[in-house]
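Q: Fold the following for me, if possible:
(chains A, B and C)
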Amino acid sequence: MDRIIFHIDVNNAFLSWTAIYLLEHGYKEDIRKIPSIIGGEEKERRGIVLAKSPIAKKFGIVTAEPIYQAKKKCPNLQVFPANHEWYRIESHKFKEYLKQYSPVIEEFSIDECFVDMTGTNYLYKNYIELAHKIKNEIKEKFGFTVNVGIGNNKLCAKMASDFEKPDKVHTLFKDEIVTKLWPLDVKNLFMVGKKTASELYKINVHTVEELAHTNIKKLEKIFKKQAKYLKNASWGIDDSEVSEANYHRSISISTTETFPHDIDDEEKLKNYLLVQTEKVTRELREKNKYANTVAVIYKDKNFNSYSAQEKLKNPTNETKIIYNKVIEILDKSFKKQPLRLIGVRLSDLCEQKNEQLTIFELSNKIEDNSSIQKTIDELNKKFGSDLIIPASLKMIAKENKEKS
DNA sequence: TCTGGGGTCCTAGGACCC
DNA sequence: TCTGGGGTCCTAGGACCC
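A: Numbers count the residues shown, from 1 in each chain, chains lettered A, B, ... in the order given. Model prediction:
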């Protein structure tokens, strides 16, 4: 039996959600109806467009372009800051609502999810009507619009929800591949970015149909493992399951920060790294995971990125151990050139500590502070991070200074 | 006044072992 | 004595997504 998968995508999520927030807090104007964008702080050098209103789009403003450039295109553009905490609240509401229609939901990002509707048709007249019902209910209940894409697998549902926006339902069933998918430019295919598209153009493949009829051997020469994906995608083939676990498995945790001014002072960098280490290790502990690998991420003033990583002897979630590793990596890998960004990434995550202790390490275990750490995390959660964090951070910073 | 932040997956190359 | 070849682990970097 064919599966029925919905892909539900919030239209202009950041802009819509900010518009709702502003309206609920007494702002008179609906920013969806004026030339507006959500963007980072220009002076802090985080000034790129994260989302744009339909009118802003008409001025040729595109996502991810610098705000100063967007303003050139549209001088009376209104810029609003992102409110990620609010977005998480809105996202949660919307996904909880969807659970009444099917238990099989996979979050794909903050504003998208897949829902497996296979076998629910006895409850509703047909899937297209059900999609309209969901779309309209979300609009009435929450005040924002969504696109619903329907297909026999995740790929087709995802492609369908992208066809025409906003506030639309589209299908891309098996028997519609030739008429709806094949005429598209290959660059529209999910997972085909700039680089892949230009490689395809070079071998004279411009449409999905042309890709579908390109010899797999020829594709493999250029795209290696990706060739099989490309070929399958062009025929609308995708066997992957809709599964909650796909989203919650968590393979890495990272945080980065772009500085208002380039920094090459190592003490300042270490302060940033300490705050970042605290952030990622806390998330690690919340997820009950342990990290095996620690990385430091850099971006220099010319926007060139580099990174360095090292494995830990044993998986851990303790701030102190991980921070010491971070500093060790910094000492070895920092190129002593001014940086515009620094970050920490924990990867190779596992569920269990599963360590092999030597007798020496075992005796150190008596001073294990993992329970203290948990208590601190809980207190922070209850009273806000300002209370406990600075103390714990200062402690580590101090110890570190004494060492050096 | 150039270019956010959080992710996943893949590949190439070096080290090391047998 | 003049150096094969396979396997595994690890790291760095890049492509892509939202």
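Q: Near DNA strand B, which residues of chain A are found?
A: A:40, A:42-43, A:45-48, A:50, A:63-64, A:66, A:68, A:71-72, A:109, A:224-226, A:249-258, A:283, A:302-303, A:341, A:343, A:347 (Cβ under 7 Å from any atom of the strand). Any C-beta I mention is one placed from the backbone N, CA and C, and that applies to glycine too.
Q: so of these, which ones are in strands?
A: A:50, A:109, A:252, A:253, A:254, A:255, A:256, A:257, A:258, A:341, A:343, A:347 (DSSP state E).
Q: If we only consider those, which is nearest to residue A:308?
A: Distance to residue A:308 across those (Cβ to Cβ) is lowest for residue A:343, with 11.7 Å.
Q: who touches the closest residue to the closest one other than its chain neighbours in this structure?
A: Using Cβ to Cβ, 6 or more residues apart in numbering and skipping residues adjacent in sequence, the residue nearest residue A:343 is residue A:256, 3.0 Å away. Applying Cβ atoms under 8 Å, 6 or more residues apart in numbering to residue A:256 gives the contacts A:276, A:297, A:341, A:342, A:343, A:344.
Q: cool, residue A:97 as well?
A: Counted by Cβ under 8 Å, 6+ apart, residue A:97 has contacts A:137, A:138, A:141, A:142.
Q: Double-check that the first one belongs to a strand.
A: No. Going by DSSP: H, G, I helix; E, B strand; the rest coil, the assignment for residue A:137 is helix, not a strand.
Q: measure it to DNA strand B for me?
A: Noted for residue A:137: a distance of 28 Å to DNA strand B, by Cβ to the nearest atom of the strand, to the nearest Å.
Q: Next, give phi and psi for residue A:315.
A: phi -60, psi 140 (degrees, to the nearest 10).
Q: what's the burial count for it?
A: Other residues near residue A:315 come to 21 when the count uses other Cβ atoms under 10 Å.
Q: wouldn't it be in contact with residue A:294 here?
A: No. Shown here, residue A:315 and residue A:294 do not form a contact pair, counting by Cβ atoms under 8 Å, at 10.8 Å.
Q: so where is the stretch 151-300 of chain A shaky, pLDDT-wise?
A: Along the stretch 151-300 of chain A, the model assigns pLDDT under 70 to no residue.
Q: Please report the distance of the residue of it found nearest DNA strand C from DNA strand B.
A: Residue nearest to DNA strand C within the stretch 151-300 of chain A: residue A:193 (2.4 Å; Cβ to the nearest atom of the strand). Counting by Cβ to the nearest atom of the strand, the separation of residue A:193 from DNA strand B is 10 Å.
Q: now do residue A:147
A: 19 Å.
Q: Per-residue pLDDT of that residue, please?
A: You'll see residue A:147 listed with a pLDDT of 98.
Q: partners of the one helix or strand it maps to, with directions?
A: Taking DSSP states H and E as the criterion, residue A:147 maps to strand A:146-151. Applying DSSP bridges, strand A:146-151 is found paired with strand A:5-10 (antiparallel), strand A:169-172 (parallel).
Q: what's next to the last one, contact-wise?
A: Just to be clear, that refers to strand A:169-172. So strand A:169-172 is contacted by A:128, A:131-132, A:135, A:147-151, A:156-157, A:159-161, A:163-164, A:180-181, A:236 (Cβ under 8 Å, 6+ apart).
Q: just the longest one next, same as before
A: Contact partners of strand A:5-10, identified using Cβ under 8 Å, 6+ apart, comprise A:16-17, A:91, A:94, A:98, A:108, A:111-118, A:127, A:131, A:134, A:144-154, A:156-158, A:160-162, A:242.
Q: now swap in stretch A:321-334 and tell me
A: Stretch A:321-334 is contacted from outside by A:266, A:269-270, A:273-274, A:277, A:280-281, A:291, A:294-296, A:298, A:306-310, A:312, A:316, A:344, A:346, A:396, A:400, using Cβ under 8 Å, 6+ apart.
Q: so which of the contacts of residue A:97 is the most crowded?
A: So for these (other Cβ under 10 Å), the most neighbours sit at residue A:138, 21 neighbours.
Q: How about that one, nearest residue that isn't a chain neighbour?
A: Leaving aside its sequence neighbours, residue A:138 sits nearest to residue A:146 (Cβ to Cβ, 6+ apart; 5.4 Å).
Q: from what I can see the one you found touches residue A:165, true?
A: No. Contact criterion Cβ under 8 Å: residue A:146 and residue A:165 do not qualify, at 9.5 Å.
Q: Grab the CA positions of stretch A:321-331 and hand them over as CSV.
A: Extracted in CSV, the C-alpha atoms of stretch A:321-331 (Å, rounded to 0.1, in the frame of the first residue of the first chain):
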residue,chain,number,x,y,z
ILE,A,321,36.8,18.5,31.8
ILE,A,322,35.4,19.7,28.5
TYR,A,323,36.6,23.3,29.1
ASN,A,324,40.1,22.0,29.8
LYS,A,325,40.0,20.2,26.5
VAL,A,326,38.7,23.3,24.7
ILE,A,327,41.7,25.3,26.0
GLU,A,328,44.1,22.5,25.1
ILE,A,329,42.8,22.6,21.5
LEU,A,330,42.9,26.4,21.4
ASP,A,331,46.5,26.4,22.4
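Q: Whichever of the contacts of strand A:169-172 end up buried, select them in PyMOL.
A: Of the contacts of strand A:169-172, the buried ones can be selected in PyMOL as follows, counting by 16 or more other Cβ atoms under 10 Å:
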select buried, chain A and resi 131+135+147+148+149+150+151+156+157+159+160+161+163+180+181+236
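Q: where along the stretch 201-350 of chain A do the helices fall?
A: Assigned by DSSP state H, counting those that start in this stretch, the helices in the stretch 201-350 of chain A fall at A:208-212, A:216-223, A:226-234, A:244-248, A:266-286, A:319-333.
Q: Would you format those as JSON lines with mean neighbour count and distance to residue A:175 included?
A: Converted to JSON lines, those look like this (neighbours: other Cβ atoms under 10 Å; distance: least, Cβ to Cβ, whole Å):
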{"stretch": "helix A:208-212", "mean neighbour count": "20", "distance to residue A:175": "15"}
{"stretch": "helix A:216-223", "mean neighbour count": "14", "distance to residue A:175": "24"}
{"stretch": "helix A:226-234", "mean neighbour count": "19", "distance to residue A:175": "16"}
{"stretch": "helix A:244-248", "mean neighbour count": "12", "distance to residue A:175": "27"}
{"stretch": "helix A:266-286", "mean neighbour count": "18", "distance to residue A:175": "45"}
{"stretch": "helix A:319-333", "mean neighbour count": "18", "distance to residue A:175": "53"}
